[in-house]
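# would you be able to build a 3D model of this:
(2 chains)
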There are 2 protein chains.
Amino acid sequence: MALSENSGQLVIIGGAEQKEGESKVLREFVRRAGGTKARIVVMTAATELPREVGEDYIKVFERLGAEQVRILDTVTREDASSSTALEAINNATGVFFTGGNQARITSIIKDTELDTAIHKRFSEGIVVGGTSAGAAVMPDVMIVEGDSETHPRVDAVEMGPGMGYLPGIVIDQHFSQRGRLGRLLSALAQQPAVLGFGIDEDTAVVVQGNEFQVVGSGAVTVVDVAEIIHINVDELLKDEALAICGAKLHILPDGYRFNLKTRKPVLAKTAQKAA
Amino acid sequence: MALSENSGQLVIIGGAEQKEGESKVLREFVRRAGGTKARIVVMTAATELPREVGEDYIKVFERLGAEQVRILDTVTREDASSSTALEAINNATGVFFTGGNQARITSIIKDTELDTAIHKRFSEGIVVGGTSAGAAVMPDVMIVEGDSETHPRVDAVEMGPGMGYLPGIVIDQHFSQRGRLGRLLSALAQQPAVLGFGIDEDTAVVVQGNEFQVVGSGAVTVVDVAEIIHINVDELLKDEALAICGAKLHILPDGYRFNLKTRKPVLAKTAQKAA
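All right, here's what the predicted structure looks like:
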């Protein structure tokens, strides 16, 4: 499940991150992408408004001091094999996927030369980030679409392949703001993945090696179903209510760390609750 | 935490229960209150529309075959000591608190003669039920009001005393429908209670002795913070994000049972997941 030690870093944002003022989450992305030496490519494949969305990110990334910010708008799979696109990626220190519709990212980019190039650069150590739809695509499976504010049901979510940067995890975004516990559990119930990350708005999971750290104003809700004592998914018709017993739940705000291998929060000794 | 074996039963509904057709949840209330021999008192203290709300319940309880249904509308604490009110309770086999504003129930009824009378009848074995606001008041502490769709924060909820039928528990209603995981955790973080019940709409927790059973179309989300390994509530200012590590989570749909003493779901042997 964990990334190889040699991979780059992931900055996975739950959507609606602050773009004026402190901009803590995007600041973290720029810092990790090289700070004043950062060369960032903004991937707008997810959105139908690539110009507007792209320009917002140019503005904030330039304000935060990145050396270079380029928009890469791919509308077709041909676009995703163009030499301009590949050259942009090969020169980048950070690649950022915007919000929009996550199925557009996978249908346009997955398994193209561009996809291969980003993965290669990632394995060489660059930072890959994404927000909202751009966060959903990070694992090897993703929630394509689904219902918010529901109890867990098999038919609450439609799953599909993701971009494969964070295997063994399911991610949901806008988590607290849209009431998505049921949706995340519905996804986990149908996947071999045992960890679900519910990422709040203006909040990021920053993954490096076997650990992630939380950055931002909300929290990350980690649901761990590795040791559940009961699940009824095999007995159900698709609109029936799921039962899941014995899941583990961690609420992790800014600064908290989590080990993906041990599936445990990394707590300073003083932070551990006396028995 | 658990009720004495000699107490009556509680039917605690997450709001918006079906009132036409099958009406599974209210049917369960009437059945447990004595079926065709049920004498039900509908307490409308929570609502500012006692006539409309009361008449809806008369209609459905009569349709489901209750022998007698009476409305008891208390607007002042004097109303809650009237001989008519006390006589109605002393004759009832089931008392049902409607939705509305939970603070109205406690401010009008708590510690009145009426309150004492209902508790006495409950200890003699009658059924006490409530929906929405009428569910929130059941424990000894309740969420008076709070924010939905937020990550856990100390100031996300205002707590107050409840009616004391289910000690050691915090209840939240409209749970999945209003995205209230953060709200329930915010409440649990500030209370000695270690179990939180997030009850969905059209869904009930039916408590008898040390167990409850789930009835209805949604699910009950049980959050158990008895064995958490870390919480940061003592270090925070009130608008800062809570950290809670190692909580346990059970999603229990219709028919599932839970033991309040062991804090574990009661699973049939065949339902337990092979290791």
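
# in chain A, what residue lies closest to chain B?
Nearest to chain B, among the residues of chain A, is A:Gly179, at 2.0 Å (Cβ to the nearest Cβ). C-beta: built from backbone N, CA, C; applies to glycine.

# count of residues packed around that residue?
By the criterion of other Cβ atoms under 10 Å in any protein chain shown, A:Gly179 has 23 neighbours.

# leaving out sequence neighbours, find the closest residue to it.
Nearest residue to A:Gly179, sequence neighbours excluded (Cβ to Cβ, 6 or more residues apart in numbering or on different chains): B:Gly179, at 2.0 Å.

# now swap in A:Tyr165 and tell me
Closest to A:Tyr165 by Cβ to Cβ, 6+ apart is A:Met138, at 4.8 Å.

# and the pLDDT for the one you found?
As predicted, A:Met138 sits at a pLDDT of 98.

# what separates it from B:Glu55, distance-wise?
To B:Glu55, A:Met138 is 53 Å away according to Cβ to Cβ, to the nearest Å.

# tell me which of the two has more neighbours.
With neighbours defined as other Cβ under 10 Å, A:Met138 and B:Glu55 compare such that A:Met138 has more, 26 against 14.

# residues contacting the more buried one?
Listed by Cβ atoms under 8 Å, 6 or more residues apart in numbering or on different chains, the contact set of A:Met138 reads A:10, A:12, A:128, A:130, A:162-163, A:165-166, A:169, A:171.

# cutoff 7 Å now
A:10, A:12, A:130, A:162-163, A:165-166, A:171 (Cβ atoms under 7 Å, 6 or more residues apart in numbering or on different chains).

# and it, backbone torsions?
Note on A:Met138: backbone dihedrals following degrees, to the nearest 10 are phi -60, psi -40.

# how about the one 10 residues further on?
Here the main-chain torsion angles of A:Ser148 (degrees, to the nearest 10) amount to phi -90, psi 170.

# could you do A:Thr36 as well?
phi -70, psi -10.

# about what we covered before: in TSV, list the contacts of A:Met138 along with secondary structure, pLDDT and neighbour count.
Putting the contacts of A:Met138 into TSV (DSSP: H, G, I helix; E, B strand; the rest coil; pLDDT from 0 to 100; neighbours: other Cβ atoms under 10 Å in any protein chain shown) gives the following:
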residue	secondary structure	pLDDT	neighbour count
A:Leu10	strand	98	22
A:Ile12	strand	98	29
A:Gly130	strand	98	30
A:Gly162	coil	98	24
A:Met163	coil	98	25
A:Tyr165	coil	97	21
A:Leu166	strand	96	27
A:Ile171	strand	98	29
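
# show me what the lengthiest helix in chain A is packed against.
When chain A is scanned for its longest helix (criterion: DSSP state H), the result is helix A:50-63. Applying 3 or more Cβ pairs under 7 Å, 6 or more residues apart in numbering or on different chains; DSSP states H and E, one finds that helix A:50-63 contacts strand A:39-43, strand A:68-72.

# show me what counts as buried in it.
Under the neighbour-count criterion of 16 or more other Cβ atoms under 10 Å in any protein chain shown, helix A:50-63 has A:50, A:53-54, A:57-58, A:60-61 buried.

# stretch A:20-29 now?
Within stretch A:20-29, the residues that count as buried by 16+ other Cβ under 10 Å are A:23-29.

# repeat that for stretch A:60-79.
Neighbour-count burial for stretch A:60-79 [16+ other Cβ under 10 Å]: A:60-61, A:64, A:66-74, A:77, A:79.

# ok, stretch A:88-99 next?
For stretch A:88-99, burial by neighbour count (16+ other Cβ under 10 Å) applies to A:88-89, A:92-99.

# about what we covered before: got a pLDDT number for the residue nearest to A:Gly179?
pLDDT for B:Gly179: 97.

# follow the chain on from the lengthiest strand in chain A and name the next helix or strand.
The longest strand of chain A (DSSP state E) is strand A:244-253. Per DSSP states H and E, the first helix or strand lying C-terminal to strand A:244-253 is strand A:257-259.

# list of residues touching that following strand?
Contact with strand A:257-259 is made by A:210-213, A:222, A:250, A:252, A:265-266, as judged by Cβ under 7 Å, 6+ apart.

# and it, how far out from the chain middle?
Taking Cα atoms, centre = their mean, to the nearest Å, one finds strand A:257-259 lying 16 Å from the centre of the chain it belongs to.

# tell me the buried residues in it?
Buried residues in strand A:257-259, counting neighbours by 16+ other Cβ under 10 Å, are found at A:Phe258.

# strands paired with the helix or strand just after that strand, and their directions?
Sequence-wise, the next helix or strand downstream of strand A:257-259 (DSSP H and E) is strand A:264-266. The pairing partners recorded for strand A:264-266 under DSSP bridges are strand A:257-259 (antiparallel).

# so for the strand it pairs with, mean pLDDT?
98.

# stretch A:263-275 too?
Stretch A:263-275 comes out at a mean pLDDT of 71.

# with stretch A:77-86 instead?
95.

# quick one: end-to-end distance for that stretch.
Counting by Cα to Cα, to the nearest Å, you get 13 Å between the two ends of stretch A:77-86.
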